[in-house]
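K.L.:
take a look and give me a structure for this.
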Amino acid sequence: MRLVMKEPVETAERPYPRRWWALLVLCLSLLIIVMANTALTVAAPDMTADLGLGSADLQWVIDGYTVPYAALMLLLGAIGDKYSRRGALILGLAVFAGGAVFGYAAGSAATVIAARAVMGIGAALIMPATLSLLAATFPRRERAKAITLWTATAGLAIAAGPVVAGALLRDHGWSATFLINVPIAAVAAVGALVLVPPSRAGHHDRIDYVGGLLSVLWIGALVYMIIEGPHFGWGAKAVTAAVVAGAGLLAFVLWELRHPHPVLDVRRFAHRRFAGSNLAVALFFLAVFGAFYYLTQHLQFVLGYDALGTGVRMLPLAGAVFAGSALTGWLTPRVGMRWTVTAGMAGGTTALALLTRVDAASGYGDFVAPLIILGLAIGLALSPCTDAIMGAFPESELGVGGAVNDTSLELGGSLGIAVLGSLLATSYGNHLTDATSGSRLPASALATAQDSVGAGYAVARGIGEQARRTAARGAEATDPQQAAQLKAQAGQLSEGARQMADAVGSSFASAVAHTSLVGAVLLGIGTVLVAVLLPGRAAAGRQAPAGERELAQSGAR
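P.N.:
Okay, here's the model as predicted:
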């Protein structure tokens with residue numbers, strides 16, 4: 001057996017015999033780039049305390065990864081198609097691991113953000129490469145099954161990130177959550193050389209770099225606007241980004257329509273199956289990423305679980321993703337993707353609707369059913385959409401196809417965290433104001449507590465600490481009257497700390513319920529739109545571009 005796989009998959013006369021082992025490598029590569037975000041959600045409190053991060057710093061630690069990741073995928077996917085998809089994967093793993101080492105050594109907000117940006121560049125190379133190599137390696141009759149496993153891995157990574165990070169945080173600092181990526185990336189890179197056959201487009205015209213750079217401009221500006229506006233206000237930066245995104249998108253579309261060999265043929269969006277699949281991916285991840293953002297906070301801060309405990313309690317979602325993926329592999333060939341995707345999106349809407357019942361008395365048991373339903377919904381909806389998107393592209397543009405799918409995913413996720421996260425913060429702040437009205441809490445302390453649920457509990461702990469110091473002074477006082485006064489003050493402060501903690505918890509629970517309602521309405525409307533937009537099985541075969549028709553026919557067989 002060769003140590004390094006050198007025979008291009010395109011020259012093989014029969015399907016690559018070790019393709020399922022190759023899929024394992026591709027799924028491992030996908031695992032770390034999804035875990036890089038989900039692990040951070042449980043490492044963020046320790047990082048915030050250690051580096052003294054403000055809310056803006058923490059937001060950009062999270063989103064410094066997202067901007068280059070989303071903006072660069074289309075161009076880098078096209079480059080991988082032309083030169084080497086496996087090469088893009090291995091280079092991406094190296095860049096990602098380098099960024100992880102940089103993050104491990106970081107000692108300030110700026111260096112952590114820079115490290116995350118480097119990891120985002122690596123992820124932009126990895127993500128489209130995994131899908132394009134999958135599509136190139138597997139024959140069409142097996143591609144849907146392989147994509148289902150690929151999608152299930154993404155669902156596993158959503159839950160695995162907090163588990164791994166939580167286990168590390170018990171004995172190590174937050175920086176260890178960066179370093180864990182390095183050995184996984186190294187194993188994936190070696191596996192890619194040994195098990196993944198090289199692949200590139202059999203014929204590929206000169207890359208449309210102008211179109212590629214315009215895509216970087218408008219997608220990057222759009223993601224920046226999505227992050228900046230809802231979180232930090234619609235000031236000059238957010239408005240400028242919105243103008244650049246709009247102008248860049250218009251220039252991109254006009255250029256691509258006129259270019260003989262565009263980096264992305266935007267006419268594909270006129271096909272209902274392709275457009276509906278991208279819309280479904282974006283809307284679904286808007287809901288999933290938004291919900292994950294506030295569920296992990298509720299489990300950690302309100303219910304008091306540590307990082308590992310939070311991760312373990314997200315595992316029902318991962319198991320349900322695998323169950324949903326198995327179900328969609330059986331169901332989609334029988335009823336068609338429109339029914340499967342619609343059922344998945346309806347399930348996601350139901351999960352969010354169940355979260356509207358969350359209140360101050362809710363325990364973990366109230367979250368189990370929504371997590372399971374959401375996991376089943378992910379498994380049902382996403383792999384048929386990814387399958388349809390990849391099937392719309394010829395073999396020479398598989399990297400671009402993967403980039404389009406992943407860009408829709410990332411834009412939806414960014415929008416979900418920004419919009420639902422901003423709504424959550426506003427709702428929490430308003431509820432906390434109402435809950436503490438009539439109290440003697442200083443305005444500055446209330447403003448601090450309104451910043452986030454973590455800040456709210458920190459204020460409560462600060463009041464409790466003041467109560468303990470006052471009680472200690474009372475115990476040391478020699479004057480009985482002064483001792484009695486200090487004891488009374490300590491009791492009032494202790495009661496105030498308890499009331500403040502209760503107010504923070506109930507306010508955040510109300511904010512979760514309110515935000516979930518909005519998310520359910522958005523996803524419910526999206527479900528109807530997608531159901532109308534996606535064609536039925538017969539119409540899909542007649543109206544789809546050549547790649548989709550071939551895929552639909554192979555699925556029917």
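K.L.:
A152 and F322 touch, don't they?
P.N.:
Yes. In this structure, A152 sits in contact with F322. The criterion is C-beta atoms under 8 Å, and the distance is 5.1 Å. Placement of C-beta: from N, CA and C, glycine included.
K.L.:
who has more neighbours, these two?
P.N.:
The neighbour comparison of A152 against F322 (other C-beta atoms under 10 Å) goes to A152, with 25 against 20.
K.L.:
checking W174 next. Helix, strand or coil?
P.N.:
Taking DSSP: H, G, I helix; E, B strand; the rest coil as the rule, one finds W174 in the coil state.
K.L.:
backbone dihedrals for it, please?
P.N.:
phi -60, psi -30 (degrees, to the nearest 10).
K.L.:
on the pLDDT front, check it for me.
P.N.:
For W174, the pLDDT comes out at 88.
K.L.:
how about the contacts made by it?
P.N.:
W174 makes contact with A43, D46, M47, D50, according to C-beta atoms under 8 Å, 6 or more residues apart in numbering.
K.L.:
closest to N405 out of the residues you listed?
P.N.:
Proximity of these to N405 (C-beta to C-beta) peaks at A43, which lies at 27.8 Å.
K.L.:
I180 is in contact with the closest one, correct?
P.N.:
No. Contact between A43 and I180 fails when scored by C-beta under 8 Å: they sit 10.6 Å apart.
K.L.:
so where is this structure shaky, pLDDT-wise?
P.N.:
Counting by pLDDT under 70, the chain has low-confidence residues at 1-2, 55, 202-204, 537-557.
K.L.:
elements contacting the longest helix along it?
P.N.:
Taking residue count as the measure and DSSP state H as the definition, the longest helix of the chain comes out as helix 480-533. Under the contact definition 3 or more C-beta pairs under 8 Å, 6 or more residues apart in numbering; DSSP states H and E, helix 480-533 sits against helix 272-297, helix 337-355, helix 421-435, helix 453-476.
K.L.:
would TSV of those with distance to L222 be doable?
P.N.:
Conversion of those to TSV gives the following (distance: least, C-beta to C-beta, whole Å):
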stretch	distance to L222
helix 272-297	12
helix 337-355	23
helix 421-435	16
helix 453-476	29
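K.L.:
G233: neighbour count?
P.N.:
Here the number of neighbours of G233 (other C-beta under 10 Å) works out to 10.
K.L.:
tell me the spacing between it and A425.
P.N.:
G233 sits 12 Å away from A425 when distances are taken as C-beta to C-beta, to the nearest Å.
K.L.:
just R273 next, same as before
P.N.:
Counting by C-beta to C-beta, the separation of R273 from A425 is 37 Å.
K.L.:
more neighbours, the two?
P.N.:
Counted by other C-beta under 10 Å, R273 and A425 do not tie: R273 has more neighbours, with 28 against 20.
K.L.:
that one touches G536, doesn't it?
P.N.:
No. Because the distance of 10.1 Å does not satisfy C-beta under 8 Å, R273 is recorded as not touching G536.
K.L.:
nearest spatial neighbour of V253, skipping sequence neighbours?
P.N.:
Nearest non-adjacent residue to V253, counting by C-beta to C-beta, 6 or more residues apart in numbering: V266, 5.4 Å away.
K.L.:
residue contacts, that neighbour?
P.N.:
Residues in contact with V266, defined by C-beta under 8 Å, 6+ apart, are F252, V253, E256, L257.
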